[in-house]
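In: Need the 3D shape of this:
(chains A and B)
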Amino acid sequence: MTSPWKHKNLTAGTVIIAAIVLVAASAPLLAPYDPYFQNLSITFQAPSSLHLLGTDQYGRDVLSRILYGTRLSLLEILVGVGLALLLGLPCGLVSGYFGGTVDRAVSWTLDVLYAFPGIVLTLLIVAILGPSLINTLVAIAIFSVPVYARLTRNLTLSLKQMDFIEAARALGAGNARILLRHVLPNALVPILIQATLSAGEVVLTASGLSFLGLGAQPPLAEWGAMMGEGRNFLGVATYLSLFPGAIITVTALGFNVLGDGLRDRLDPKLRG
Amino acid sequence: MNQYLKRRLVTLPVVLLIASFLIFSAVRFLPGDPARIMAGMQADQSTVEAVRVRLGLDRPFVEQYALFLKNAVRGNFGISIRSGKPVREEIADRFPYTLALASTSYCFAILLGLTAGLIAAGSQGSYVDHFVISSAVAAGSIPNYWLALMAMTFFCVHLGWLPLIGAESWRSYLLPSLTLGLMPAAVIARMTRASMLEVLHQDYIRTARAKGLSNTKVYLKHALKNALVPIVTIIGMNFAGLLGGAVITEAVFSWPGIGRLIVDAVRFRDYATIQGVTLLTVFIVISMNLLVDVLITIINPRIRIDWA
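Out: Just a heads-up that it's a prediction; the model follows:
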């Protein structure tokens, strides 16, 4: 049996992410208070045995809000990464497999999208759709599309030269069957690694935009939005920004370490 | 000039053209009257009509785009509904601040990233190597706005050593530059280490060592020179990320640059400013990518031959 210490990154990343998923699933059981319940008689309570991470300007329990925020962060990742995969994967598969004009058109589009700094493109889209968490996630997905599309395209390009694809074609398999049954399953590992590494980035960007007031809107218990509200009370109640920021860091770190670990374990060629 | 660079030079205006079309179309796709949107929801009917005529919104779509391009080439992006000033003036006032912040951050990132990466590669497998790699992974996971807030609380609020906001003196640059530069520094450190390790295992490095060259000479003259291509590429590619990071850092430190300008513009739905700043950043990113391509062909002449 392989020792977990042989793949330290994989083990550490899995533990962190599993803990976050567990917290998200059992937030109602773990949270000591209702995350949205306001009690103006206990505003700005410093961390104590009653409120382990203190209370905010409306007397809401910070720990409960952070615990519930875990659900929103996982939702951000699910929507941000899922939507980007949904759009990027077919683009990359079709572009790499058929080549020619389709490939050129897709590559040009990706080049254009790459020319936009991610957050600037996100701001442009948020400006059009209006500030909200879901619009921010759509925007993040759009700027992540080129990453998945280009990776899938390159993988498809090399896979379509393989003998087993030729064999499938000789047996009469159609393009759709070859792409879905033969190319896609063989391209999944690097895509999965990329998705894990991108998950951390999605959390950082989504909470960054919420911090600026352009993503999740108050009173939603979103970590970035909590920090955004807390920044007005720096020096007085620094913990309002300290704890949500710390949990964002741990989550991003978890996904980054897990991504590194998966890469080392499943695709050592890509090891950085 | 080699074929590749010629192709890139042709690509640059085409990509810019498509990007400008996307940016232009974005406002037109909004529900409602674009003239009303550009003039601001509070504007009276005569102002809306004036904007409609000035921006050519009463003309066919293609003609409108041609006019937008003609104006954009002259740097004319219209009037900001937020400040009432021409967007060109707003950008001209703010851009030097962003340029200064981005430059100082990137100098710090390159210096720290290269040094850490070289040290880690030179001591592969040691505690120093593990420390550098772990720090780089951690630094890549810390939100720069959180780091900025915590640093502000400690150095500005509690110790009072540095100014809290603004860009008045060199001391104002310290915290924004360091917090903005940390993430790119982590990426550069990891790439430098990986690239150096790959080169250090090559035969010519063994030969250089066998000739009796000092470690420093082997490192800087033989290894680093050959490891530079991926490092320069990642430095160039990360510049777009740095510009993106500047948007949030500027908002945290109330830095009077174009990052804060675009955030304020999004809040006020000031589309003329959004269009102008977005097009400018796209132009900067594309130019930066081209500059990296030129640099790479200078660093590694083999690439020039391969692509020719």
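In: and stretch B:194-203, which residues are buried?
Out: Using 16 or more other Cβ atoms under 10 Å in any protein chain shown as the test for burial, stretch B:194-203 gives B:Ala194, B:Ser195, B:Met196, B:Leu197, B:Val199, B:Leu200. Glycine gets a C-beta too; all of them are placed from N, C-alpha and C.
In: Please list which of these also come close to chain A.
Out: The overlap between the buried residues of stretch B:194-203 and the neighbourhood of chain A (criterion: Cβ under 8 Å from any Cβ of the partner chain) consists of B:Ala194.
In: Strands - which of the buried residues of stretch B:194-203 land there?
Out: Secondary structure of the buried residues of stretch B:194-203 is defined by DSSP state E; no position falls in strands.
In: Out of the buried residues of stretch B:194-203, list just those in helices.
Out: Using DSSP state H to define helices, the subset of the buried residues of stretch B:194-203 located there is B:Ala194, B:Ser195, B:Met196, B:Leu197, B:Val199, B:Leu200.
In: coming back round to it: of the buried residues of stretch B:194-203, which is the nearest to chain A?
Out: Nearest to chain A out of the buried residues of stretch B:194-203 is B:Ala194 (Cβ to the nearest Cβ; 4.6 Å).
In: what separates that closest one from B:Leu200, distance-wise?
Out: Here the distance between B:Ala194 and B:Leu200 works out to 11 Å (Cβ to Cβ, to the nearest Å).
In: and the residue in the stretch 1-150 of chain B positioned nearest to chain A, what are its phi and psi?
Out: In the stretch 1-150 of chain B, the residue that lies nearest chain A is B:Trp146 (3.2 Å; Cβ to the nearest Cβ). For B:Trp146, the backbone dihedrals are phi -70, psi -50 (criterion: degrees, to the nearest 10).
In: count of neighbours near it?
Out: The criterion is other Cβ atoms under 10 Å in any protein chain shown. On that basis, B:Trp146 has 26 neighbouring residues.
In: repeat for B:Val53
Out: Around B:Val53 sit 11 other residues, with neighbours defined as other Cβ under 10 Å.
In: Return the closest of the buried residues of stretch B:194-203 with respect to B:Leu112.
Out: B:Met196 (15.6 Å; Cβ to Cβ).
In: Where does the nearest residue to that closest one once chain neighbours are set aside sit, in terms of helix or strand?
Out: Leaving out its chain neighbours, the residue that sits closest to B:Met196 by Cβ to Cβ, 6 or more residues apart in numbering or on different chains is B:Ala121, at 3.6 Å. Secondary structure from DSSP states H and E places B:Ala121 in helix B:87-122.
In: thinking again about what came up before, can you pull the pLDDT of the residue of the stretch 1-150 of chain B closest to chain A?
Out: According to the predicted model, the pLDDT of B:Trp146 comes to 94.
In: Quick one: residues contacting the nearest residue to it once chain neighbours are set aside.
Out: Spatial nearest neighbour of B:Trp146, chain neighbours left out: A:Gly245 (3.2 Å); criterion: Cβ to Cβ, 6+ apart. Contacts for A:Gly245 (Cβ atoms under 8 Å, 6 or more residues apart in numbering or on different chains) come out as A:Trp223, A:Met227, B:Pro143, B:Trp146, B:Leu149, B:Met150.
In: how about the residues you listed in JSON lines, adding distance to A:Ile66 and secondary structure?
Out: Formatted as JSON lines, the contacts of A:Gly245 follow (distance: Cβ to Cβ, whole Å; DSSP: H, G, I helix; E, B strand; the rest coil):
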{"residue": "A:Trp223", "distance to A:Ile66": "7", "secondary structure": "helix"}
{"residue": "A:Met227", "distance to A:Ile66": "11", "secondary structure": "helix"}
{"residue": "B:Pro143", "distance to A:Ile66": "15", "secondary structure": "coil"}
{"residue": "B:Trp146", "distance to A:Ile66": "14", "secondary structure": "helix"}
{"residue": "B:Leu149", "distance to A:Ile66": "16", "secondary structure": "helix"}
{"residue": "B:Met150", "distance to A:Ile66": "17", "secondary structure": "helix"}
